[in-house]
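S.K.: I'd like to go over a predicted model; first the sequence, then the structure.
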Amino acid sequence: FNFKREGRYKAPDEPFVLICNHVTNLDMIWVGDSFDKHMYYVASEHVVRGGLGGKVVNLLFKPIVREKATVGLSTVVEMKNHLKAGHNVCIFAEGLRSANGTSNKIVESTGAVLKKLGATVVTFKLHGGFLTSPRWASDIRKGGMTGELVKVYSSEEISKMTPTQINDALNSDIYEDAYEYNESRKIAYKSKKAAEGIEYELVVCPKCRKFATIDSRKSEFFCECGLKGKYDEYGLLSGEGFDFTRLNEWDSWQKEYISNLPDIDGEQVLVSHSDQILKQIVKGHDDVIADIGKIVLTNKS
């Protein structure tokens with residue numbers, strides 16, 4: 001990951017909650033390496049569900065477990081207990097890694113939760129993570145990652161802010177546009193299969209307007225209609241059949257296109273995939289296969 005820091009930040013003396021953007025699967029390591037005090041991490045339930053890997057995560061980090069993209073009551077209670085015991089807590093409040101290089105909005109309940117906790121709040125931002133480890137990719141691209149302490153809010157400041165004001169401040173503090181950050185730095189993130197998996201993010205072809213028809217190989221992606229493109233070492237796009245140069249531009253277009261699809265009488269299949277496995281999460285963070293079959297997205301559901 002080539003994560004570099006000039007030194008460790010001195011954390012507040014009192015117990016605090018650290019809010020950080022979410023860009024790789026190992027963000028807790030980069031955050032922990034950047035501060036001089038220990039933290040407990042709020043983590044999605046699935047990270048402790050993966051057999052041996054889940055057991056290792058639980059052993060090394062003992063995370064505060066939550067359901068993905070939510071902050072439930074049991075999670076809040078455990079966070080409060082840690083703070084009362086003098087421990088520090090870290091939350092990746094977006095709940096999901098960025099898929100297009102631009103930060104997601106934090107979970108809406110975050111501001112209200114922080115007011116209830118009544119602790120000092122620290123904001124921290126990771127740079128370079130998306131281009132190092134795109135959410136849709138299967139490999140790591142060595143280029144460069146750094147971390148930045150953005151702001152420290154005292155418990156008194158938090159108590160005077162509304163939940164909406166807290167959310168607005170946090171969204172602003174941890175917002176990251178991977179392309180804007182790297183535009184002047186020109187850090188190269190090299191990979192022998194740079195574009196592979198990009199079809200998980202590029203859902204709609206701008207040339208033929210079909211769903212799930214894009215495929216990828218090495219640094220190139222293409223559609224059956226003739227669209228051809230390349231994803232380069234700076235994460236930029238080029239090719240025939242589209243005008244986008246950045247993933248977030250393509251993503252904004254396809255979201256608008258999908259939201260403006262006309263109403264169609266009857267039911268039209270937009271995309272389907274066979275042999276999909278549906279799993280149910282059961283007690284103890286285990287999962288069992290509930291069904292196997294074809295999954296279909298229509299204009300109705």
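M.R.: Ah, there it is.
S.K.: next helix or strand past the worst-scoring helix or strand of the chain on mean pLDDT?
M.R.: Counting by mean pLDDT, DSSP states H and E, the chain has its least confident helix or strand at helix 51-61, which shows a mean of 71. Once helix 51-61 ends, the next helix or strand along the chain (criterion: DSSP states H and E) is strand 64-66.
S.K.: now the strands for the stretch 151-300 of the chain?
M.R.: 214-217, 220-223, 228-231, 237-240, 269-282, 286-298 (DSSP state E, counting those that start in this stretch).
S.K.: tell me which of the ones you listed sits nearest to residue 183.
M.R.: strand 237-240 (14.4 Å; Cβ to Cβ). From N, CA and C alone the C-beta is placed, and that goes for glycine too.
S.K.: how far off centre is the closest one?
M.R.: In terms of Cα atoms, centre = their mean, to the nearest Å, the centre of strand 237-240 is found 25 Å from the chain centre.
S.K.: what average pLDDT does it get?
M.R.: Confidence for strand 237-240, expressed as mean pLDDT, is 96.
S.K.: kindly report the same for stretch 197-213.
M.R.: Rounded mean pLDDT across stretch 197-213 is 95.
S.K.: from one end of it to the other, what's the distance?
M.R.: In terms of Cα to Cα, to the nearest Å, the two terminal residues of stretch 197-213 are separated by 13 Å.
S.K.: quick one: contacts of that stretch?
M.R.: 99-100, 134-138, 214-216, 221, 223-227, 231, 241-244, 247, 250-251, 253-254, 257-258, 270-271, 273, 297 (Cβ atoms under 8 Å, 6 or more residues apart in numbering).
S.K.: may I see the buried residues of that stretch?
M.R.: 197-199, 201-206, 211-213 (16 or more other Cβ atoms under 10 Å).
S.K.: quick check, central residue of the protein?
M.R.: residue 97 (0.6 Å; Cα atoms, centre = their mean).
S.K.: roughly how far apart are that residue and residue 201?
M.R.: 12 Å (Cβ to Cβ, to the nearest Å).
S.K.: overlap of the contact sets of these two?
M.R.: With Cβ under 8 Å, 6+ apart as the test, residue 97 and residue 201 both reach residue 135.
S.K.: got the contact list for residue 130?
M.R.: Contacts of residue 130 by Cβ under 8 Å, 6+ apart are 23, 97-98, 101, 176, 178, 235.
S.K.: which among the contacts of stretch 197-213 end up buried?
M.R.: 99-100, 134-137, 214, 216, 221, 223, 227, 231, 242, 244, 247, 250-251, 254, 270.
S.K.: now stretch 160-167: how far from the chain's centre is it?
M.R.: With Cα atoms, centre = their mean, you get 23 Å for stretch 160-167.
S.K.: try stretch 226-245
M.R.: Stretch 226-245 sits 23 Å away from the centroid of its parent chain (Cα atoms, centre = their mean).
S.K.: and stretch 217-230, by the same measure?
M.R.: On Cα atoms, centre = their mean, the centre of stretch 217-230 falls 25 Å from the chain's centre.
S.K.: what does the average pLDDT come to for that stretch?
M.R.: On average, stretch 217-230 scores 97.
S.K.: then it to PDB, C-alphas only?
M.R.: Provided in PDB are the C-alpha atoms of stretch 217-230 (Å, rounded to 0.1, in the frame of the first residue of the first chain):
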ATOM      1  CA  ARG A 217      -9.200  -7.500 -19.500                       C
ATOM      2  CA  LYS A 218      -5.900  -6.200 -18.300                       C
ATOM      3  CA  SER A 219      -6.000  -2.400 -18.600                       C
ATOM      4  CA  GLU A 220      -8.900  -2.400 -21.200                       C
ATOM      5  CA  PHE A 221     -12.700  -2.600 -21.000                       C
ATOM      6  CA  PHE A 222     -15.200  -3.000 -23.800                       C
ATOM      7  CA  CYS A 223     -18.800  -3.600 -24.700                       C
ATOM      8  CA  GLU A 224     -20.400  -5.900 -27.300                       C
ATOM      9  CA  CYS A 225     -21.700  -2.700 -29.100                       C
ATOM     10  CA  GLY A 226     -18.100  -1.600 -30.000                       C
ATOM     11  CA  LEU A 227     -17.300   0.700 -27.100                       C
ATOM     12  CA  LYS A 228     -13.600   0.400 -26.100                       C
ATOM     13  CA  GLY A 229     -11.800   2.000 -23.300                       C
ATOM     14  CA  LYS A 230      -8.600   2.000 -21.200                       C
END
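S.K.: this completes my enquiry, with thanks.
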